[in-house]
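> can you look at this prediction? I've put the sequence above it.
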2 protein chains.
Amino acid sequence: MLKVEHIGIAVKSIADANRLYETLLQVAPYKTEAVESEGVLTSFFKVGDTKIELLEATNEQSPIAKFIAKKGEGIHHIAYEVANIEEAMQRLAAEGFELLNTTPKKGADNKLVAFLHPKTTAGVLVEICQEIKKNS
Amino acid sequence: MLKVEHIGIAVKSIADANRLYETLLQVAPYKTEAVESEGVLTSFFKVGDTKIELLEATNEQSPIAKFIAKKGEGIHHIAYEVANIEEAMQRLAAEGFELLNTTPKKGADNKLVAFLHPKTTAGVLVEICQEIKKNS
């Protein structure tokens, strides 16, 4: 893994959480983006070389709505940047990690993403992501 | 906050989790350290400019034992690096965040640390930390 690209945090209200994180981190969010396929509204904060992604559910079927109903607000996932997501997915599957999607999908912030099931990662929802290049 | 210094992950067995994270991250832990005051055994992995800290409880009163009993294995806290921990604690208390310790305490990996109560941070246990300098 190249680095921790971002940490995803499930929140009930992006508006409230944006204010809280602006105060905590002393930086404003650089982007707000809806990801309709996931039923989420996101906002991103830069902190050093990584990012905090806040996630609010936009419908009741959203994974974030289900997460908050079960566990409350809190840390939802850790996303690691990889150079080549297809190669990383093949390697991780061969090592015994269970992938939640079999092909990369479009995520927020111009990324191709895949998720590993927490039951194969000691309870942590792990995302791997690769920046979508302009000419690919 | 200067950067995400590390992400703390509560695990049942450091030995098992070290193997898992070596496979996941493709890097070996650079340090294993006991913090007796917290009742934890820790190991650290470098990933880009941040770290993953695995935490195993060494007794039943450990905050990590209580966390796992309540929530299972998973992400326990996010630690942000600050330049001056006393100033950061004063600022955050004045902003309405509840500090779990009123003076900095010695944490793992040569750090002074303080924690913010999750009820004032949208469900996230936030640590702030400052490297202990050799001549201070």
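Ah, there it is.
> CA only for contacts and neighbour counts going forward, please
Noted.
> and residue A:108, what does it touch?
A:33, A:34, A:35, A:42 (Cα atoms under 8 Å, 6 or more residues apart in numbering or on different chains).
> please report the distance of it from residue A:33.
Using Cα to Cα, to the nearest Å, residue A:108 is found at 7 Å from residue A:33.
> and the contacts of residue A:108, which are buried?
Neighbour-count burial (16 or more other Cα atoms under 10 Å in any protein chain shown) applied to those gives A:34, A:35, A:42.
> tell me the pLDDT at the closest residue to residue A:48 other than its chain neighbours?
Closest residue to residue A:48 apart from its sequence neighbours, by Cα to Cα, 6 or more residues apart in numbering or on different chains: residue B:3 at 4.2 Å. Model confidence at residue B:3, given as pLDDT, is 97.
> for residue B:3, what are its contacts?
A:47, A:48, A:49, A:50, B:50, B:80, B:81, B:82.
> buried among those? Make that a PyMOL selection.
The PyMOL selection below is limited to those of the contacts of residue B:3 classed as buried (16+ other Cα under 10 Å):
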select buried, (chain A and resi 47+50) or (chain B and resi 50+80+81+82)
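> output the contacts of residue B:3 as JSON lines; include the columns pLDDT.
Shown next, in JSON lines, are these (pLDDT from 0 to 100):
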{"residue": "A:47", "pLDDT": "97"}
{"residue": "A:48", "pLDDT": "96"}
{"residue": "A:49", "pLDDT": "96"}
{"residue": "A:50", "pLDDT": "97"}
{"residue": "B:50", "pLDDT": "97"}
{"residue": "B:80", "pLDDT": "98"}
{"residue": "B:81", "pLDDT": "98"}
{"residue": "B:82", "pLDDT": "98"}
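> contacts for the strand or helix carrying residue A:106?
Here residue A:106 is covered by strand A:105-107, with elements defined by DSSP states H and E. For strand A:105-107, contacts defined as Cα under 8 Å, 6+ apart pick out A:35, A:112, A:113, A:114.
> partners of that strand in the sheet?
If you go by DSSP bridges, strand A:105-107 pairs up with strand A:111-116 (antiparallel).
> need the contact partners of the partner strand.
With Cα under 8 Å, 6+ apart as the test, strand A:111-116 has contacts from A:85, A:89, A:97-107, A:125-132.
> with that, I have no additional questions.
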